[in-house]
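Sequence isn't available, so here's the structure alone:
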């Protein structure tokens, strides 16, 4: 069985929130066997920045929806948008 890489754009509830706290908040609510693989900051405008995270999840039915729901309900997250999903052809260590 392979894995998915799920890319999300996460906007904070407040512009003063530290981005690492947002990432930690999302990591704390992710379903079992999912991990944040990478993260980066994307400036938007007027001091607002989004956090782009790549999440590795097992290739299972419904896992994408579970990851989306978990990320959008995490504390400190104002909005979460799915940017894309890619299938990893082999299991890679995270």
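It's in. Every value quoted in this text rests on a predicted model; they were computed, and no experiment measured them.

how close does residue 28 sit to residue 68?
16 Å (CB to CB, to the nearest Å). Bear in mind the C-beta positions are built from the backbone N, C-alpha and C, glycine included.

The two: which is more packed in?
residue 68 (17 against 10; other CB atoms under 10 Å).

what sits against the more buried one?
Residue 68 makes contacts with 6, 8, 80, 82, as judged by CB atoms under 8 Å, 6 or more residues apart in numbering.

The same query, at a cut-off of 6 Å, please.
residue 82 (CB atoms under 6 Å, 6 or more residues apart in numbering).

What of residue 39?
Contacts of residue 39 (CB under 6 Å, 6+ apart): 23, 53.

Name the helix or strand for it, please.
Taking DSSP states H and E as the definition, one finds residue 39 inside strand 35-45.

Now that strand: buried residues?
36-37, 39 (16 or more other CB atoms under 10 Å).

Over to stretch 14-32?
For stretch 14-32, by 16+ other CB under 10 Å, it's 17, 19, 22-23, 25-27, 30.

ditto for stretch 75-94
Neighbour-count burial for stretch 75-94 [16+ other CB under 10 Å]: 76-77, 80, 85.

can you check stretch 60-77 too?
Buried residues in stretch 60-77 (16+ other CB under 10 Å): 63-64, 67-68, 70-72, 74, 76-77.

can you give me the strands in the protein?
Counting by DSSP state E, the chain has strands at residues 3-12, 35-45, 48-58, 77-88.
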